[in-house]
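# missing the sequence, but the structure's below:
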């Protein structure tokens, strides 16, 4: 064997060791556990999202104003929401049925998606499109009380985007 071949083999093995040895050292330092080696000592999901089960949700985080009349017999419900989370979320959709005193008024839909940076307060606009029965109820309510009725969503669907992961749920 000539000196050039021996030197090229030694240089190849040296360069290979610069790649392999740190990988072996990392696995060894983490007890040969692939997840601990790749993710480190803390779970990035837990670090980023915290313990969502112990999230303290209160009534102070959400307030709803009286509805106002919108175009084409719709009602606009403005709500203010304070995100208690230490990461950004985007409320993509809220939809369902709107009720007042047990009477179905119509369907409710989020006007447009809203992004919430960590621990911020923003406004949401929800549009209620009444049915004919709902319009009759609203007319009678306004005659009796002089104001529009409060509308609560029921059988609602919620869609939230958390770092590109869409979380959907329903609530009564």
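In hand now; what should we look at? Note that the structure is a prediction, hence the values are computed from the model and not measured. Numbers count the residues shown, from 1 in each chain.
# and the longest helix along the chain, what does it pack onto?
Longest among the helix segments of the chain by residue count, using DSSP state H, is helix 3-29. Helix 3-29 sits against helix 34-39, with contacts defined as 3 or more Cβ pairs under 8 Å, 6 or more residues apart in numbering; DSSP states H and E. (Glycine included, C-beta is placed from N, CA and C.)
# from residue 71, how far out is the closest residue to residue 101 other than its chain neighbours?
Leaving aside its chain neighbours, residue 101 sits nearest to residue 149 (7.0 Å; criterion: Cβ to Cβ, 6 or more residues apart in numbering). Going from residue 149 to residue 71 by Cβ to Cβ, to the nearest Å gives 19 Å.
# so for the closest residue to residue 36 other than its chain neighbours, what's the pLDDT?
Closest residue to residue 36 apart from its sequence neighbours, by Cβ to Cβ, 6+ apart: residue 30 at 4.0 Å. Here the pLDDT value assigned to residue 30 is 76.
# name the SS class of residue 31, please.
Using DSSP: H, G, I helix; E, B strand; the rest coil, the structure places residue 31 in coil.
# who has more neighbours, residue 149 and residue 71?
Under the criterion of other Cβ atoms under 10 Å, the comparison of residue 149 against residue 71 puts residue 149 first, with 22 against 7.
# hang on, isn't that one packed against residue 137?
Yes: contact criterion Cβ atoms under 8 Å: residue 149 and residue 137 qualify, at 7.3 Å.
# overlap in contacts, those two.
The contact sets of residue 149 and residue 137 overlap at 100, 105 (Cβ atoms under 8 Å, 6 or more residues apart in numbering).
# contacts only, for residue 83.
61, 89, 116-122.
# okay, the residues you listed in CSV with secondary structure next?
Formatted as CSV, those follow (three-state DSSP):
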residue, secondary structure
61, helix
89, strand
116, strand
117, coil
118, coil
119, coil
120, coil
121, strand
122, strand
